[in-house]
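Visitor: Show me the folded form of this:
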Amino acid sequence: MKKVVLLALAVVASASFCTVDAKKKKKEEVKAEEPVVVPVELKNGSDSVSYAAGMSVTNGLAAFLKQQHGVDSATMAIFIKSFEEVINAGDSPEAKAKAAGVDIANQLRSRMLPGIKNEFTDSPDSIISTLFYRGFIDAMKQDTTHFKQQVAENYFRQKQEVDKKAKEEKLYGPNRDAGIQFLKENAAKDGVITTASGLQYKVLVKGEGEVPQKTDKVLVNYEGRLVDGTVFDASAKHGDKPASFRADQVIKGWTEALTMMPVGSKWQLYIPQELAYGERNMGNIKPYSTLIFDVELVGIDKPKTAEPAKPAVSAKPATKKTAKK
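Guide: Okay, here's the model as predicted:
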């Protein structure tokens, strides 16, 4: 019985020594892996200015890394290690390829993919990140299992167009239809005139002045509203003087109206979306919006023509008197 106990104690002791020995070896291995930091010696002016230049270019870098890449004090060591790997690798083809892979991956992830995802938001399709990256990688491997390069490009462009129209219909179709209904009802009102282009206007004050040409610079007071009555802009918001611009440098509905209005006129314009901003999103003005404007044509700002220069007055030449014979 004693022998068995002693044997058991010996096994336990042996195992303990093995565990301690293993821990020591593990600590030694970990310690050996720690990089050796070589002290910097600045022996001359070139050494000092080079070192100082390296430090100076990091001014603001920590804040940039945190803001743009999410690198903070907890992950700074990883950034430094990666930086050293790239620097120490030199200009070998392998190092360049690795750096290019990291750069392109970051651009795809932070810029291109979010833009494409946003483009397909609220459309019948959506972009799945993992399959987007897989398609990218397979294309670089020239793997044509699912698509050939040109077929993939054509398919993607086609889906872009189809989904864009579906998205616009979903988001802005009701806005367009509200404008069409408004113009239809408005056209039947007293005093409203509809032109061949679809522009509608009503004369509030009849002017007797000159009618501007397209290239004339006009002076106008105005207020712009949506069909629901929301005011989105007015000349009064930009100062106490009339707005000034060329008649052909505004939306089509304005240009058409201004080139029919005598100076001194005040008209109310009802502009269909195709003569306004169409599919463009202008902030307060959603795509396909019908617009209403009260426009007062104050004057035409014509450049002053210089008066012709008067000829210089010259002294009369002296006349010679001839003696009488």
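
Visitor: Phe232 against Ala276, yeah?
Guide: No: contact criterion CB atoms under 8 Å: Phe232 and Ala276 do not qualify, at 11.3 Å. In short, each C-beta sits where N, CA and C put it, glycine included.

Visitor: what about the two, which has more around it?
Guide: Ala276 (22 against 14; other CB atoms under 10 Å).

Visitor: per-residue confidence for that one?
Guide: With respect to pLDDT, Ala276 scores 98.

Visitor: Thr255 is in contact with that one, correct?
Guide: No: checked against CB under 8 Å, the pair Ala276 and Thr255 is beyond contact range at 11.5 Å.

Visitor: ok, Leu42 - contacts?
Guide: Taking CB atoms under 8 Å, 6 or more residues apart in numbering, we find Leu42 in contact with 48, 51.

Visitor: what's the distance between it and Ser48?
Guide: The span separating Leu42 from Ser48 equals 5 Å under the rule CB to CB, to the nearest Å.

Visitor: Same check on Gly278?
Guide: Distance, Gly278 to Ser48, using CB to CB: 63 Å.

Visitor: Compare those two and say which one has the larger neighbour count.
Guide: Set Gly278 next to Ser48 and count neighbours by other CB under 10 Å: Gly278 wins out with 14 against 11.

Visitor: Confirm that that one sits in a strand.
Guide: No: looking at Gly278 with DSSP: H, G, I helix; E, B strand; the rest coil, it is coil, so not inside a strand.

Visitor: one step back: just give me the residues shared between the contact sets of Ala276 and Thr255.
Guide: When contacts are counted by CB under 8 Å, 6+ apart, Ala276 and Thr255 have no shared neighbour.

Visitor: how distant is stretch 198-212 from the center of its chain?
Guide: On the basis of CA atoms, centre = their mean, to the nearest Å, stretch 198-212 is displaced by 38 Å from the centre of the chain it belongs to.

Visitor: ok, residues contacting that stretch?
Guide: Applying CB under 8 Å, 6+ apart, the set of residues contacting stretch 198-212 from outside is 183, 186-187, 189, 191-195, 218, 247, 253, 256-272, 274-275, 294, 296-297, 299-300.

Visitor: Please apply the same query to stretch 177-187.
Guide: 192, 194, 198, 200, 227-228, 270, 272-273, 288-290.

Visitor: longest helix anywhere in the chain?
Guide: Secondary structure of the chain per DSSP state H: the longest helix is helix 149-186.

Visitor: Okay, buried residues for it please.
Guide: 163, 167-168, 172, 175-176, 178-179, 182-183, 186 (16 or more other CB atoms under 10 Å).

Visitor: Let's have the residues you listed in TSV, adding distance to Thr130 and pLDDT.
Guide: Converted to TSV, the buried residues of helix 149-186 look like this (distance: CB to CB, whole Å; pLDDT from 0 to 100):
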residue	distance to Thr130	pLDDT
Asp163	20	96
Lys167	23	94
Glu168	28	92
Tyr172	31	95
Asn175	36	96
Arg176	37	96
Ala178	41	97
Gly179	42	97
Phe182	46	98
Leu183	48	98
Asn186	52	98
